[in-house]
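Novice: here is a sequence together with a model predicted from it:
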Amino acid sequence: MAWKSVSSMEERVRFVFEAQIGFWNMTELCERYGISRKTGYKWLKRFEAKGLQGMHERSRSPKYCPHRTPDEVVKRIVAERRKHSKWGPKKIAEVLMNTDVEFKVPAPSTIGSILDREGLVRRRRRRRAAVTRWPAKLTQPQRANHVWGVDFKGWFRTRDGNRCDPLTASDLYSRFVLECRGVRGQTTDIVRPVFKKVFTDYGLPEIIRADNGAPFGARGALGLSKLSMWWVQLGIRVQFIEPGHPEQNAVHERMHRTLKDETTCPPQSNLKAQQRRFDQWRQEFNFERPHEALGMLRPSDVYKASTSAYPKRPRPFTYPAWFEVRRVRKAGQIVFNGRPRFIGRAFAGVAVGLEPIKCARWLVHAGPLVLGILERNSKNTLLPLVTHSAHEH
């Protein structure tokens, strides 16, 4: 037959009972139960005060903790998190410190513990080590308007079933989102008016960085399209990232992830309503949201509009006197030595300069760019100098 296990509660009750019958004095009784006299008297006092209820163990946690965050502070932190569900402890702490609050803002680590305790933290898998942000072939931005990133965030449908293509532009130094425009397609005719407005509002950047897809890039000379050639005519240098490597535009892509999470899940009822949501998000992202990469400043604290104003008409390219100048026709051709030579549709309307370098060979220039080589005895095509992936124009 197995021995019965005796609970601590039963031991205490038996101790009190034997103390009351007076068969043993307190010293002997405490020795029988293996406790100190102090502990023995403690349980006797609790029994006299509360009976059997006093025999239960009490919580050893302090009744008052001077370091505990007050309830009203916890409520304010929780409210801020619910207002900005994607913000972490550092951003919440920064916003509270810049708000007229009547309490001392807790440290970000304390705010993180509060959010975790309130069930407002979602565990994430540990990511791999980050890739190099600025590959050797790309320019690291050093000031506002030095490098802009442009791209389309993947298209989706609004609730009425219509397509929405978010076109975005941001200053990679300050993280300031210059534009987020929902359009119906990814063509030059649709995109160019958007950039006209951006250039009018903020001036011109020194460099625009884009991927190789339409309407930014094409398969012709230097990978330029009509849109990116227009940028070159405005005096902007164009950088293409390597195909299949969006991480080379990492700052812009990270902004895209926030944009998607906070504006398209779920989508709005129609394109007009979706644009209102984009505008609200851009206002918050630029003027309210602290950025850790900026030392918890907001993009609007860092960004200033460009001093290079947008001209109504680009200045025409000029060439030395010994160049032969030809204007590219709408079909992308020039006539040289009595024969049509194809340069590229992206250069339609542009005056190109032909520099003689050898007998029967010419370098073809489009302003600051060298597009390729023309040979007298070759076919009508332009011979390339280099491939255009991941290089600057």
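Specialist: On my side now, so go ahead.
Novice: would you say Ser308 is within a strand?
Specialist: No - checked against DSSP: H, G, I helix; E, B strand; the rest coil, Ser308 lies outside a strand; its state is coil.
Novice: quick one: low-confidence ranges for the chain?
Specialist: Within the chain, the stretches with pLDDT under 70 are 1-6, 59-67, 100, 123-136, 380, 386-393.
Novice: mind listing the strands for it?
Specialist: Counting by DSSP state E, the chain has strands at residues 147-152, 156-157, 163-171, 177-183, 207-210, 237-240, 324-327, 333-336, 339-342, 351-358, 361-366, 369-375.
Novice: quick one, domains of the chain?
Specialist: The record assigns the chain these domain ranges, following automatic domain parsing: 8-55, 71-117, 147-302, 316-393.
Novice: between strand 163-171 and the longest helix along the chain, find me the angle.
Specialist: In the chain, assigned by DSSP state H, the helix with the most residues is helix 271-287. For helix 271-287 against strand 163-171, the angle by axes from the mean of the first three to the mean of the last three CA atoms, to 10 degrees is 20 degrees.
Novice: and helix 271-287, how far out from the chain middle?
Specialist: 15 Å (CA atoms, centre = their mean, to the nearest Å).
Novice: which residues touch that helix?
Specialist: The contact list for helix 271-287 (CB atoms under 8 Å, 6 or more residues apart in numbering) reads 158, 162, 164, 166, 176-177, 179-182, 184, 255, 258-259, 262-264, 267-268, 298-300, 303. All C-beta atoms are positioned from the backbone trio N, CA, C, and that covers glycine.
Novice: for stretch 324-339, same thing?
Specialist: 220, 319, 340-354, 356, 362, 374, 376, 380.
Novice: can you rerun that using 7 Å?
Specialist: 319, 340-345, 347-354, 374, 376, 380 (CB atoms under 7 Å, 6 or more residues apart in numbering).
Novice: before we move on, what about stretch 227-240?
Specialist: The contact list for stretch 227-240, computed with CB under 7 Å, 6+ apart, reads 138-139, 188, 191-192, 204-212, 215-217, 223, 314, 346-347, 350, 367, 369, 388-393.
Novice: contacting residues around Gly353?
Specialist: 319, 323, 325, 365.
Novice: how about those residues in JSON lines, adding neighbour count and distance to His84?
Specialist: What follows is the contacts of Gly353, written out as JSON lines (neighbours: other CB atoms under 10 Å; distance: CB to CB, whole Å):
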{"residue": "Tyr319", "neighbour count": "15", "distance to His84": "55"}
{"residue": "Phe323", "neighbour count": "16", "distance to His84": "58"}
{"residue": "Val325", "neighbour count": "13", "distance to His84": "57"}
{"residue": "His365", "neighbour count": "20", "distance to His84": "51"}
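Novice: so Arg81 sits right up against Leu120, yeah?
Specialist: Yes - applying CB atoms under 7 Å as the test, Arg81 and Leu120 come out as touching, 5.2 Å apart.
Novice: more neighbours, these two?
Specialist: Set Arg81 next to Leu120 and count neighbours by other CB atoms under 10 Å: Arg81 wins out with 21 against 14.
Novice: which parts of the stretch 101-250 of the chain are helices?
Specialist: Ranges of helices within the stretch 101-250 of the chain are 108-117, 188-202, 226-233, 250-263, based on DSSP state H, counting those that start in this stretch.
Novice: buried sites along the longest one?
Specialist: Translated: helix 188-202. 188, 191, 195, 198-199, 202 (16 or more other CB atoms under 10 Å).
Novice: likewise for stretch 212-231?
Specialist: 212, 214-218, 220-231.
Novice: distance from the chain centre to it, please.
Specialist: Offset of stretch 212-231 from its chain centre (CA atoms, centre = their mean): 26 Å.
Novice: output it as PDB, nothing but the C-alphas.
Specialist: Coordinates of each C-alpha in stretch 212-231 appear next as PDB, following Å, rounded to 0.1, in the frame of the first residue of the first chain:
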ATOM      1  CA  ASN A 212      15.200  48.300 -65.600                       C
ATOM      2  CA  GLY A 213      11.500  47.700 -66.300                       C
ATOM      3  CA  ALA A 214       9.100  49.900 -68.300                       C
ATOM      4  CA  PRO A 215       8.500  52.800 -68.300                       C
ATOM      5  CA  PHE A 216      11.900  53.600 -66.600                       C
ATOM      6  CA  GLY A 217      14.100  51.300 -68.700                       C
ATOM      7  CA  ALA A 218      14.000  49.700 -72.200                       C
ATOM      8  CA  ARG A 219      16.100  47.300 -74.300                       C
ATOM      9  CA  GLY A 220      17.700  50.000 -76.500                       C
ATOM     10  CA  ALA A 221      20.900  51.900 -76.200                       C
ATOM     11  CA  LEU A 222      22.100  52.200 -72.600                       C
ATOM     12  CA  GLY A 223      18.800  50.800 -71.500                       C
ATOM     13  CA  LEU A 224      17.100  54.200 -71.700                       C
ATOM     14  CA  SER A 225      13.400  54.700 -72.300                       C
ATOM     15  CA  LYS A 226      11.600  57.800 -73.400                       C
ATOM     16  CA  LEU A 227      10.900  58.700 -69.800                       C
ATOM     17  CA  SER A 228      14.500  58.200 -68.600                       C
ATOM     18  CA  MET A 229      15.800  60.100 -71.600                       C
ATOM     19  CA  TRP A 230      13.600  63.000 -70.700                       C
ATOM     20  CA  TRP A 231      15.200  62.900 -67.300                       C
END
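Novice: follow-up on the earlier one: deepest in the core, which of the domains of the chain is it.
Specialist: domain 147-302 (a mean of 18; mean count of other CB atoms under 10 Å).
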